[in-house]
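Engineer: please find the sequence and the predicted model below.
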Amino acid sequence: MKFEPSDLAICETCGTQFDVPLDQHPESCRICDDPRQYVPASGQTWTSLHRSQPLQKNNFETDAQNPHIHYITTAPLSPSELPPGLADTSSTRKQLGIGQRAILLQTSGGNVLWDCVAFLNPDTISFVNSKGGLKAIVISHPHFYTSHLEWAAVFKCPVYIAGEDQEWINRADKDGARKFFSAGGETKIEEVGGEVSVVVCGGHFEGSSVLFWKGEKKLFIADTFMSVPSGFKNAKHVPDTTSYSFMWAYPNMIPLSPKAILGIWKAIKGLEFDSTYGGFPGQNLSRPDLKVQVLESMKIFLRRGGHEGAEIYGESV
């Protein structure tokens with residue numbers, strides 16, 4: 001099938017696609033207007049998949065430790081890669097969207113894409129198909145909804161989204177691609193025989209979720225909670241040092257409440273994992289005691305915030 005990039009409006013800042021043509025774009029982006037996101041000081045700008053084709057690219061990287069995990073990230077084309085006349089335009093200097101990564105998992109039951117980037121082009125389609133295509137897409141929260149219906153149409157697969165976050169959907173699902181899951185344990189992705197499951201944790205959004213690859217003991221956390229720089233070295237050696245942060249709004253640095261953090265812990269407490277993969281490049285942590293460190297990070301985070309009586313202190317692994 002030939003890929004025809006659509007001309008539906010996409011917010012350049014967050015990558016959210018709307019159900020209107022670019023020349024009729026909304027006055028503002030409801031995702032960026034929310035306190036968890038932001039409108040850049042330079043103002044709201046819009047594009048489309050069609051307009052972005054000569055300006056953006058996706059990069060593909062295979063995990064250094066596991067050949068069945070692949071990362072897809074978006075970057076602006078460098079001046080030397082741009083068509084004549086576009087090399088000096090300021091619009092080419094930022095990637096489309098927030099900068100997250102989509103993670104392609106090759107399970108024994110088939111491929112799953114965890115989270116989504118807005119930009120889609122023939123090179124990306126070829127890369128994904130070279131790995132076996134997609135059986136399902138699973139998205140952690142509304143900041144990464146982006147152009148998921150475009151992906152679903154190209155790869156002819158369903159998209160799993162938390163029912164708790166339906167209010168943040170910005171496109172009508174005319175082809176019935178979406179499948180909704182809810183809080184309350186693991187929802188197995190049936191298209192790959194339950195090799196992976198999705199778990200609603202709440203917090204960042206009501207439906208913020210993680211993906212659990214049980215057979216590999218891997219937890220894909222997006223920014224339901226986020227690994228931090230001290231987690232790579234210091235947390236193993238320096239007392240009172242965290243490996244993770246727990247925020248309601250990451251760019252605006254608004255922390256989660258004790259109740260929300262406890263909710264995340266209760267959602268993942270029954271999952272056995274020794275590796276976490278965050279929503280952005282460089283956010284992989286792996287060690288045997290990692291689950292212990294998640295709980296310790298929660299306790300440190302709340303104690304430093306002055307929540308001395310938080311219920312989380314009574315929790316153990």
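Structural biologist: The structure has been received and is ready for your questions.

Engineer: three-state assignment of Pro40?
Structural biologist: Of the three states, Pro40 takes coil under DSSP: H, G, I helix; E, B strand; the rest coil.

Engineer: who touches it in this structure?
Structural biologist: Thr13 (Cβ atoms under 8 Å, 6 or more residues apart in numbering). C-betas here are computed from N, CA, C, even on glycine.

Engineer: quick one: it from Glu12, how far?
Structural biologist: In this view, Pro40 and Glu12 are 9 Å apart by Cβ to Cβ, to the nearest Å.

Engineer: what about Asn59, which SS state?
Structural biologist: Once three-state DSSP is applied, Asn59 turns out strand.

Engineer: now it: closest residue in space, sequence neighbours ignored.
Structural biologist: Among residues not flanking Asn59 along the chain, Thr73 sits closest, at 5.1 Å (Cβ to Cβ, 6 or more residues apart in numbering).

Engineer: got it, and Thr146?
Structural biologist: Ala118 (3.8 Å).

Engineer: hmm, that neighbour is touching Phe18, no?
Structural biologist: No: in this structure, Ala118 is not within contact of Phe18 by Cβ atoms under 8 Å, at 11.5 Å.

Engineer: surely Thr242 and Pro229 touch.
Structural biologist: No: counting by Cβ under 8 Å, Pro229 is not a contact partner of Thr242; they are 10.0 Å apart.

Engineer: who has more neighbours out of those two?
Structural biologist: Thr242 (22 against 12; other Cβ atoms under 10 Å).

Engineer: wait, what's in contact with the closest residue to that one other than its chain neighbours?
Structural biologist: Nearest residue to Thr242 in three dimensions, chain neighbours excluded: Ser297, at 4.1 Å (Cβ to Cβ, 6+ apart). By Cβ under 8 Å, 6+ apart, the contact list for Ser297 reads Gly231, Ala235, Thr242, Ser243, Tyr244, Ser245, Phe246.

Engineer: output the below-cut-off pLDDT ranges for the stretch 151-300 of the chain.
Structural biologist: Within the stretch 151-300 of the chain, the ranges that satisfy pLDDT under 70 run 235.

Engineer: which residue ranges of it form strands?
Structural biologist: 159-162, 178-181, 186-188, 196-200, 209-213, 218-222, 226-227, 244-245, 247-249, 254-255, 275-278, 284-286 (DSSP state E, counting those that start in this stretch).

Engineer: neighbouring strands for the fourth one, and are they parallel or not?
Structural biologist: Spelled out, that is strand 196-200. Using DSSP bridges, the strands paired with strand 196-200 are strand 186-188 (antiparallel), strand 209-213 (antiparallel).

Engineer: show me the contact partners of the shortest one.
Structural biologist: So the one you mean is strand 186-188. Under Cβ under 8 Å, 6+ apart, the answer for strand 186-188 is Tyr160, Phe181, Gly194, Val196, Ser197, Val198, Val199, Phe212.

Engineer: may I ask you to name the longest helix in this protein?
Structural biologist: Using DSSP state H to define each element, the chain has its longest helix at helix 290-304.

Engineer: buried set for it?
Structural biologist: Leu290, Lys291, Gln293, Val294, Leu295, Glu296, Ser297, Met298, Lys299, Ile300, Phe301, Leu302 (16 or more other Cβ atoms under 10 Å).

Engineer: what angle separates that helix from strand 218-222?
Structural biologist: 30 degrees (axes from the mean of the first three to the mean of the last three Cα atoms, to 10 degrees).

Engineer: run the chain-centre distance for helix 290-304.
Structural biologist: 22 Å (Cα atoms, centre = their mean, to the nearest Å).

Engineer: just stretch 216-233 next, same as before
Structural biologist: With Cα atoms, centre = their mean, you get 12 Å for stretch 216-233.

Engineer: what of stretch 124-138?
Structural biologist: The answer for stretch 124-138 is 17 Å, by Cα atoms, centre = their mean.

Engineer: gap between the two ends of it?
Structural biologist: End-to-end distance of stretch 124-138 (Cα to Cα, to the nearest Å): 18 Å.

Engineer: check which residues of it are buried.
Structural biologist: Buried-residue list, stretch 124-138, by 16+ other Cβ under 10 Å: Thr124, Ile125, Phe127, Val128, Leu134, Lys135, Ala136, Ile137, Val138.

Engineer: include distance to Lys218 when you put those into a markdown table, please.
Structural biologist: Output for those, formatted as a markdown table (distance: Cβ to Cβ, whole Å):
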| residue | distance to Lys218 |
| --- | --- |
| Thr124 | 23 |
| Ile125 | 26 |
| Phe127 | 21 |
| Val128 | 20 |
| Leu134 | 18 |
| Lys135 | 18 |
| Ala136 | 17 |
| Ile137 | 18 |
| Val138 | 14 |
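
Engineer: now stretch 148-155, how far from the centre of its chain.
Structural biologist: On Cα atoms, centre = their mean, the centre of stretch 148-155 falls 16 Å from the chain's centre.

Engineer: render the CA-only coordinates of it in PDB, please.
Structural biologist: Output of stretch 148-155 as PDB, limited to C-alpha atoms (Å, rounded to 0.1, in the frame of the first residue of the first chain):
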ATOM      1  CA  HIS A 148      -2.000   6.900  16.400                       C
ATOM      2  CA  LEU A 149      -4.900   6.400  14.000                       C
ATOM      3  CA  GLU A 150      -2.600   7.000  11.100                       C
ATOM      4  CA  TRP A 151      -0.300   4.200  12.400                       C
ATOM      5  CA  ALA A 152      -3.200   1.900  13.000                       C
ATOM      6  CA  ALA A 153      -4.500   2.400   9.400                       C
ATOM      7  CA  VAL A 154      -1.100   1.800   7.900                       C
ATOM      8  CA  PHE A 155      -0.300  -1.400  10.000                       C
END
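
Engineer: brilliant, that's me finished.
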